[in-house]
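Enquirer: turn this into a model:
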Amino acid sequence: MLRRLSLPEINDGGGVDNAKMKGLFKSKPKTPVDLVRQTRELLLFLDLGGPDTKESKRDEKMTELSKLIRDMKQVLYGDSESEPVAEACAQLTNEFFRENTLRLLITYLPKLNLETRKDATQIIANLQRQQVQSKLIACDYLEKNIDLMDILITGYDNSDLALHYGAMLRDCIRHQTVAKYVLESEHMKKFFDYIQLPNFDIASDAAATFKELLTRHKSTVAQFLSDNYEWFFEEYNSKLLESTNYITRRQAIKLLGDMLLDRSNSAVMSRYISSRDNLRILMNLLRESSKSIQLEAFHVFKLFAANQNKPSDIVGILLANRSKLLRLFADFKTEKEDEAFEADKAQVVKEIAAL
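Expert: So this is what the prediction gives:
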């Protein structure tokens, strides 16, 4: 007689056993290196994919790429639940610059959607600061691929890309060798036009980049201004200080003061305050109705007045306008009490009165 075998009860209600089975087939989380490699592969696929590539396939790959870029950003910045892990950041950075992922991401940026562009911009910004074995490997990569700066700078010509490329550019010029390349390139002249673009956001972004280029790396800036004095200040005076746009004039006179009052630029300052044309422009700015422009102009004008070796034509202009200048300074006040300003003003008045 055959004994009946008792079989274990089959649980087909999607309970614990099913959950275990699903767990077995769950994909492992991608490592930082995987994220970069897969991003690179997708960028290459989307960049090189011919007209035969189906639209649905491209959309699917584009969605996948956006997720990978978002995941890379999370590795570098962390999220609300966790801080970034130094080792993971180092692995991602190393892989990113091992091959041409940066170049691919910059050149493919126009084809990404807005949110993914923002994520990519933040990734590139973060990578400029990441150290691998105490070394900024982004700097080494950019020195070998310096032509990428040409793409970023000319991005100001494209209203859809300008703010993304502009932000990337400012982070790249944190490296002195990269800033030096931009300063010495033909692109530098374009900033005088970019700063005056009708789109306020883009013009402001270009002005921020321009300021960064002319203030961050002191020795490089001093050399640039010395070597390019003639054309640079001719453009600066005519296009910025004498611009019809109030914001352009205000930003330009503030930046001029920052440059000339920096000790690194003392030789350039001495040259600037020996020019009668420069003095004429400054005296016109002193007469502006805007108090902020007047105040910034005063900080540059005081250098002309305090110069103990004034050229004769400078002395002549100051003498011819002495009574007007003394009347102007008699009513010239800051909104808040400022002892340093009052001391500077008293010194300027004394110098002019004694001519």
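
Enquirer: tell me the SS of the residue nearest the centre of the chain?
Expert: Geometric centre of the chain, nearest residue: Arg170, 2.2 Å, by C-alpha atoms, centre = their mean. Using DSSP: H, G, I helix; E, B strand; the rest coil, the three-state assignment for Arg170 comes out as helix.

Enquirer: dump stretch 165-184 to CSV, restricted to CA.
Expert: Only the C-alpha atoms of stretch 165-184 are listed here, as CSV (Å, rounded to 0.1, in the frame of the first residue of the first chain):
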residue,chain,number,x,y,z
TYR,A,165,27.9,77.4,-19.5
GLY,A,166,28.5,80.6,-17.6
ALA,A,167,28.3,78.9,-14.2
MET,A,168,30.6,76.1,-15.5
LEU,A,169,33.1,78.7,-16.7
ARG,A,170,33.3,80.5,-13.4
ASP,A,171,34.0,77.2,-11.6
CYS,A,172,36.7,76.2,-14.2
ILE,A,173,38.5,79.6,-13.8
ARG,A,174,39.1,78.8,-10.1
HIS,A,175,42.2,77.1,-11.6
GLN,A,176,44.8,79.8,-12.3
THR,A,177,46.1,78.2,-15.5
VAL,A,178,42.6,78.1,-16.9
ALA,A,179,41.9,81.7,-16.0
LYS,A,180,45.2,82.7,-17.6
TYR,A,181,44.1,81.1,-20.8
VAL,A,182,40.8,82.9,-20.9
LEU,A,183,42.4,86.3,-20.0
GLU,A,184,44.9,85.9,-22.8
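
Enquirer: what does that stretch rub up against?
Expert: 106, 109, 121, 124-125, 128-129, 136, 138-139, 142-143, 146, 148-149, 151-153, 155-156, 158, 188, 202, 205-206, 208-209, 212-213, 216-217, 220-221, 224 (C-beta atoms under 8 Å, 6 or more residues apart in numbering). Just so you know, the C-beta spots here come from the backbone N, C-alpha and C atoms, and that holds for glycine as well.

Enquirer: buried subset of those?
Expert: 106, 109, 121, 124-125, 128, 136, 138-139, 142, 146, 148-149, 151-153, 155-156, 188, 202, 205-206, 208-209, 212-213, 217, 220-221, 224 (16 or more other C-beta atoms under 10 Å).

Enquirer: those in helices, which ones?
Expert: 106, 121, 124-125, 138-139, 142, 148-149, 151-153, 202, 205-206, 208-209, 212-213, 220-221, 224 (DSSP state H).

Enquirer: run a quick neighbour tally on the closest residue to Ala207 other than its chain neighbours.
Expert: Excluding the flanking residues, the one nearest Ala207 by C-beta to C-beta, 6 or more residues apart in numbering is Ile195, at 4.9 Å. For Ile195, the neighbour count with other C-beta atoms under 10 Å is 26.

Enquirer: good, wrapping up.
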